[in-house]
Structure formats: C-alpha cells, structure tokens
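Chemist: Based on what follows, work out the 3D shape:
(2 chains)
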Amino acid sequence: DTGVSQDPRHKITKRGQNVTFRCDPISEHNRLYWYRQTLGQGPEFLTYFQNEAQLEKSRLLSDRFSAERPKGSFSTLEIQRTEQGDSAMYLCASGDHYEQYFGPGTRLTVT
Amino acid sequence: QKEVEQNSGPLSVPEGAIASLNCTYSDRGSQSFFWYRQYSGKSPELIMSIYSNGDKEDGRFTAQLNKASQYVSLLIRDSQPSDSATYLCAVRSNAGNMLTFGGGTRLMVKP
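Modeler: Now for the predicted structure:
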C-alpha cells in the first residue's frame, strides 16, 4: 500500500485557464474526499464520493468546480476559468467509515 | 463563531516537556474527533482518533475527549524538536462524512 497519491504536485496557471487534478486513493478505501487549504487555515471540505457516487458537496464548490470518480477508483477535480482566489493546496483523502488519510496535495498557483 | 476553534499559537515548550493542545467545537452532534500533524509545506498526517469520552493513549500521544464540555485535547509527552509542527483538530458530525477542521495550533519544541 503506497498511500494516497495526487498528480500533479504543483500547478501554475494563468487566470481564466482550466486545470484538472487527479487523486488515486488507497486501494481498499471506497470513500474519497477533496479538501482545499489556504495558508494559515485548516483544510475546508469540498466534496465526498462513496464508490462512484458523489454524495456530498460543499457550498464552497461553485459551478466552476466539478469532480468525478468514474468506476469508483481514481478521482479528478476540475476547475474551469480559474481565478486568483483559487490559489490553494488541493488535498485528496481516502478512508473507511472512520478515518481519513490525506495525499501529498496539489499546490495551485493562479497568476 | 467558528465550528472548531484552536489557539493559533505558537505554543513553545522546551524539549522533554509535555505539550498540551486544545480544541473546542460547537456541534453537539459531533461523534468522531481527530488530531492531524502538519509539517510546513506538507499535507496533514493522522496521528490520533477518539470517539468516546475519556483518554486514549498511543505512545507519547494522549487524546482526551469531553463531549459535555465540547472539548478535545492532545497531550504530547517528552516533546521532541521533531514534534514542531502545526496540529489540526478535526471533527465529524453524525450528519455527514466531512471533517470540519480548526485553524491549527503551531507547536515549537525548543532544544
């Protein structure tokens, strides 16, 4: 078990561009979560999947954000028409019913 | 009022001392409580989970939960410089699967 992996680890993009991040969870976990963390703050929940079903979405998740988990394995998070306020660390976590384990994160910088 | 509150610190303790980190939460329906450690530039790492009132010990770490007072704490015995990090308190309610995080407490252990 290699833990949760995320790709890319860093992304620099210009305002208005679209970006997509990938998360590969721990293989035996059917629950997958996306969070966003800005400097000096704790992570904020974005969305949650159980298998391929997206069961919860935060009010923070504007219509520019979309997440998928086809086949209940890896997940992607897409941000359309990026804004400077989207600059943050995007964290993926996977888990069982009780605990959540984070991947290394994708640091997004919007210039 | 934030849902999960932590003193941002920094909390400075000498090497070998006990570090005491505190967290309060507002949702009385909260059932699961977690402590994560986050080194600068890295993602959060789960170090303790606690689900029932009382103490839970794991090595040098002890988590304490008091649901009546809506209070959870983390004690680190024999603090080491390598314990210097931000400690995040996270809470999950019965209403959903998301974690709500506090802003974290920065701990500095001085040799």
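Chemist: secondary structure class for residue A:71?
Modeler: helix (DSSP: H, G, I helix; E, B strand; the rest coil).
Chemist: give me every residue that touches the nearest residue to it once chain neighbours are set aside.
Modeler: Leaving out its chain neighbours, the residue that sits closest to residue A:71 by C-beta to C-beta, 6 or more residues apart in numbering or on different chains is residue A:52, at 6.2 Å. C-beta: built from backbone N, CA, C; applies to glycine. By C-beta atoms under 8 Å, 6 or more residues apart in numbering or on different chains, residue A:52 lies in contact with A:69, A:70, A:71, A:72.
Chemist: pretty sure residue A:100 is touching residue A:94, no?
Modeler: Yes: contact criterion C-beta atoms under 8 Å: residue A:100 and residue A:94 qualify, at 7.1 Å.
Chemist: The helix or strand bottoming out on mean pLDDT in chain A near chain B anywhere?
Modeler: Least confident helix or strand, chain A: strand A:53-57 with a mean of 93, by mean pLDDT, DSSP states H and E. Yes: part of strand A:53-57 sits near chain B under the criterion C-beta under 8 Å from any C-beta of the partner chain, namely A:55, A:56.
Chemist: Measure how buried residue A:4 is and give me the count.
Modeler: By the criterion of other C-beta atoms under 10 Å in any protein chain shown, residue A:4 has 24 neighbours.
Chemist: Okay, and the residue positioned nearest the centre of chain A sits in which element?
Modeler: The centre of chain A sits closest to residue A:34, judged by C-alpha atoms, centre = their mean, with a distance of 3.7 Å. Assessed by DSSP states H and E, residue A:34 sits inside strand A:31-37.
Chemist: what about whichever residue of chain A sits closest to chain B, neighbour count?
Modeler: Among the residues of chain A, residue A:42 lies closest to chain B, at 3.0 Å counting by C-beta to the nearest C-beta. A count of nearby residues for residue A:42, using other C-beta under 10 Å, gives 23.
Chemist: hang on, the earlier thing: could you measure from the residue nearest to the centre of chain A over to residue A:11?
Modeler: 15 Å (C-beta to C-beta, to the nearest Å).
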